[in-house]
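[1] coordinates for the following, if possible.
(2 chains)
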Number of protein chains: 2
Amino acid sequence: MVRIIKIKPEDNAAIPVEDVKQGEVLAGGLTALCSIPQGHKIALADLKPGDKIIRYGVSLGGLKTGVKAGGLISEQMLELPEASCLDRMPWGTQNSSVPPLDPSLPVFFDGYEAPGAFYAGTRNILGIMTGVQCVTGVLNVAVRKIREELLPQYPNVDGVTALNHAYGCGVAIHARESVIPIRTLKNILRNPNFGGEIMAVGLGCEKLTMDMLLEPEENNTDNVIILQEQNGFHAMIKAVMAMAERKLDRLNRRRRQRLPLERLCIGFQCGGSDAFSGITANPSAGYASDLLVSAGATVLFSEVTEVRDGAYLLAARCADRETAQKLAAEMNWYDRYLEAGGVDRSANPSPGNKKGGLANIIEKAMGSIAKSGTAPIVEVLSPGERPSRKGLIFAATPASDFVCGPLQMASGISLQVFMTGRGTPYGLEAVPVIKVSSRTAMKDVWYDLIDINAGSIAEGTESIEDVGRRIYNMIVETASGRHKPWAEEYGIFNDLCIFDPGPLT
Amino acid sequence: MVRIIKIKPEDNAAIPVEDVKQGEVLAGGLTALCSIPQGHKIALADLKPGDKIIRYGVSLGGLKTGVKAGGLISEQMLELPEASCLDRMPWGTQNSSVPPLDPSLPVFFDGYEAPGAFYAGTRNILGIMTGVQCVTGVLNVAVRKIREELLPQYPNVDGVTALNHAYGCGVAIHARESVIPIRTLKNILRNPNFGGEIMAVGLGCEKLTMDMLLEPEENNTDNVIILQEQNGFHAMIKAVMAMAERKLDRLNRRRRQRLPLERLCIGFQCGGSDAFSGITANPSAGYASDLLVSAGATVLFSEVTEVRDGAYLLAARCADRETAQKLAAEMNWYDRYLEAGGVDRSANPSPGNKKGGLANIIEKAMGSIAKSGTAPIVEVLSPGERPSRKGLIFAATPASDFVCGPLQMASGISLQVFMTGRGTPYGLEAVPVIKVSSRTAMKDVWYDLIDINAGSIAEGTESIEDVGRRIYNMIVETASGRHKPWAEEYGIFNDLCIFDPGPLT
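    Prediction:
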């Protein structure tokens, strides 16, 4: 008998944990009127046109056609409501709290102090920032040479990464929104995993000049190489190698030390979501998030379009008026940004999301928000900003996995937890990524890419709390350098895709 | 005695070919009233506020303050005029013609036929398209393995390249402008240097589905690997390796053959320009372009904001009304695109351009247009479109070097010529790039990055035609595989930066 999952008592739709055949009797006694794929919605009552479909206790939209109890509710049958109003959202109305920390859970980790950084690092990496894409080709040649010739001499350094990006020139550097990519790049170099070492390679004629990326006291020949000042290709390589050697020598002296979890900043993200993401992987991540906040750590969650339809739920958890106002401002900015491109939030669900049972962006949002747990939201960050508080923080970013990642890096995460339903091999070169699957079938197929399976929750063999504690423990083990997630193990890394809402020139 | 260069008889400003000291007497008898850096403008007559500064026979704008003959005209002294009107530009009014081909110049090259391509290739490369950035990490691991383990067995294949990009998901796939990145990616895979072999790696849940990139008859398991259908990481690598081996085997059977130059499509671009670009490198490239067109080849030039102020000059050279109308439409689209971002064409000149003596975008445009020679313009392409005619073509792209390059690749170039004043080590992995410097000092410093020096023109030791013929000959030698430009020699390659004017979701 196939289990079906109903989240709130008032829900009139549920999802089966496996594929269901027509005529099959489901747990609870309902008979399927047609075949219903795993994770897609089944009507729990006879519903007529105009009736609202309720899941997670909220309306996903009105029905265009009626459906009998046991029938399939497909995405085509739903009318997408207007986005909720951002004006005057009540804040602080939800009595947010986090569960007390089980005494068996660790509250320390072995991390790297990073001079000048608000948080500590989990890895010890030489990051080389680029002023402009033009230098990428030369830097890549140099980085390959550094890996082969220098890195083996510095055993305490985990790696070297070229922070290549598509920004820097051919852009309107004084455009309204250029503050976003500039802040992002400036802050990425300050990620605690880079240990406070400043190294940057510029061309010399780009619009993004070094003084926009570096502080006056950093912008000197100890830290910056300008290719146009070098006498040919070989001199460029030699200059990069020589500077890298000095930086590696300093990084090599870093040592892990026992630090309280409040020195840790973790990013939470989901991608390739399905209907199980919101009931297995994301709620267990949310539980882990609550535990982390209990332990004093900072947790970022993001993805504006994926929480837009639950903005009022987040506002209700905001710790103060300023935070609630910034939340509304960031969402409002994003509404305008999408509008300028002739689209709206409904452009978000992907074909894979829909195949996985997510009918529209409201349903996706309810699942997405689950990963933020129940803690109060103490701060809202604009894209690429760094936090000034500790606790649960909403970092406003696009939902694109490979753009959200670098933005969270800029905000200071030194580890990311990534929940996936359909599966993506996503990884970041400078920040370890732990991947959590929403379904056991996913873990079975991608046995060597998924780090934690939350599918057991749908099968009833583990609780949300059980999986949440496993996530928490793997975070501490990974942060302490005692565990490598699969993507780190295999060297699976995405490009550093930067969010630049401004025009190219 | 320092030479000064005056381009048209009506010009009231010229530029010295070297730095000039105050009081120095210049060729022609003028005395410098202050020190004037190489390439910056010197007034040839006493000029008063409101007088127009004329260079290239066009107005660069009115003077805000007066200047005496022999004085420096700095960028701050010029008022930027409104952009010229795009409505009803006269077309076909200029009797465009190209010089006859000197019988000593080659009219054949040794290229690779590419099934289905309008043009022939100059290299034999396995290009692996990605459906989305999510697959990049896995594909990069596989490509390193292909290079090490497979490529040595296929000596006729020049290389393998992962066509990684930041598009594919997290985007509004049905946005107004999504046609641009989709067309670009679809056409890049059809670049003649990839020999008509189709290989693509997708994730499985991305918005950019394979049917948007491939024709129905191409979209099958012979050509496409979907990572979500693979049983773990090792299976993914195995599948990519197996498909690559089949493609390499076919590519390895390609042979160069003697082909007329009309089978060749060359891209022209400039970047890091200075005041010499418009009088040395670009005009000699323009002469080479005329020779190529004479020989039947196709030449693309691009960079909308850098020709915008000379739109009427290009319209006058358009071969028919349709071409002139499309020219106006593309420029108009770009005006609106910049406006939406709160900027205009004046955002274009970079600090390096200005340091090099280019006061504003009009002066930069006049120099930029010089690289298109004098041939009639037979077609105008939207970003990433493929040509349907042969001859001189304007391919509308952003001026950003690393964005223009991939767009010209999509349009079918199998070789690029790149003129630079300040110097950039720019390169493309699948298309050889010949770099031409505008100044001898540049070539002296970057002796092993600049392929051809056009600075000799400013010094009076070579003519525009001399350098143009050298460029022409190097194009034929490089296209035929008998010469490798420096960037190809050293493996200096930029990322594949795609133009996506639409919003992220």
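[2] so which bits of the stretch 201-350 of chain A are right by chain B?
    A:203-207, A:209, A:227-228, A:230-234, A:236, A:271-272, A:305, A:337-338, A:340-343, A:345, A:347-348, A:350 (CB under 8 Å from any CB of the partner chain). For the C-beta atoms, the positions are set from N, CA and C on the backbone; glycine is no exception.
[3] which of those are buried?
    The neighbour-count test (16 or more other CB atoms under 10 Å in any protein chain shown) marks A:203-207, A:209, A:227-228, A:230, A:232-233, A:236, A:271-272, A:305, A:337-338, A:341, A:343, A:345, A:347-348, A:350 as buried among those.
[4] quickly list the domain ranges of chain A.
    Chain A breaks down by automatic domain parsing into domains covering A:1-79, A:125-251, A:272-490.
[5] just name the most buried of the ones you listed.
    Per residue and on average, the most neighbours among these fall to domain A:272-490, with a mean of 24 (mean count of other CB atoms under 10 Å in any protein chain shown).
[6] related to what we said a few turns ago, between the domains of chain A, which one is closest to B:Trp333.
    Distance to B:Trp333, taken as CB to CB, is lowest for domain A:272-490 among the domains of chain A, at 13.7 Å.
[7] any weak-confidence spans in the stretch 51-200 of chain A?
    Scanning the stretch 51-200 of chain A for pLDDT under 70 picks out nothing.
[8] what sits closest to whatever residue of it ends up closest to chain B if chain neighbours are left out?
    Per CB to the nearest CB, A:Gly170 is where the stretch 51-200 of chain A lies closest to chain B, at 2.2 Å. Nearest residue to A:Gly170, sequence neighbours excluded (CB to CB, 6 or more residues apart in numbering or on different chains): B:Ser400, at 2.2 Å.
[9] quick one: contacts for A:Trp446?
    Each residue near A:Trp446 by CB atoms under 8 Å, 6 or more residues apart in numbering or on different chains is listed here: A:Gly423, A:Pro425, A:Ser437, B:Asn231, B:Gly232, B:Phe233.
[10] ditto for A:Val299
    A:265-268, A:289, A:292-293, A:372-373, A:375, A:391-393.
[11] is it possible to get a markdown table of the residues you listed that adds pLDDT and distance to B:Ala285?
    Below are these laid out as a markdown table (pLDDT from 0 to 100; distance: CB to CB, whole Å):
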| residue | pLDDT | distance to B:Ala285 |
| --- | --- | --- |
| A:Cys265 | 98 | 51 |
| A:Ile266 | 98 | 53 |
| A:Gly267 | 98 | 47 |
| A:Phe268 | 98 | 52 |
| A:Ser289 | 97 | 58 |
| A:Leu292 | 97 | 59 |
| A:Val293 | 97 | 61 |
| A:Ser372 | 96 | 56 |
| A:Gly373 | 95 | 60 |
| A:Ala375 | 96 | 61 |
| A:Gly391 | 97 | 59 |
| A:Leu392 | 98 | 57 |
| A:Ile393 | 98 | 52 |
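[12] and these, which is closest to B:Cys318?
    Of all these, B:Cys318 sits closest to A:Gly267, with 52.2 Å by CB to CB.
[13] which strand residues bridge that closest one?
    Beta-bridge pairing for A:Gly267 (DSSP bridges): A:Leu300, A:Gln416.
[14] could you do A:Ser59 as well?
    A:Ile54.
[15] which residues touch it?
    Here A:Ser59 is in contact with A:Lys52, A:Ile53, A:Pro81, A:Ile362 (CB under 8 Å, 6+ apart).
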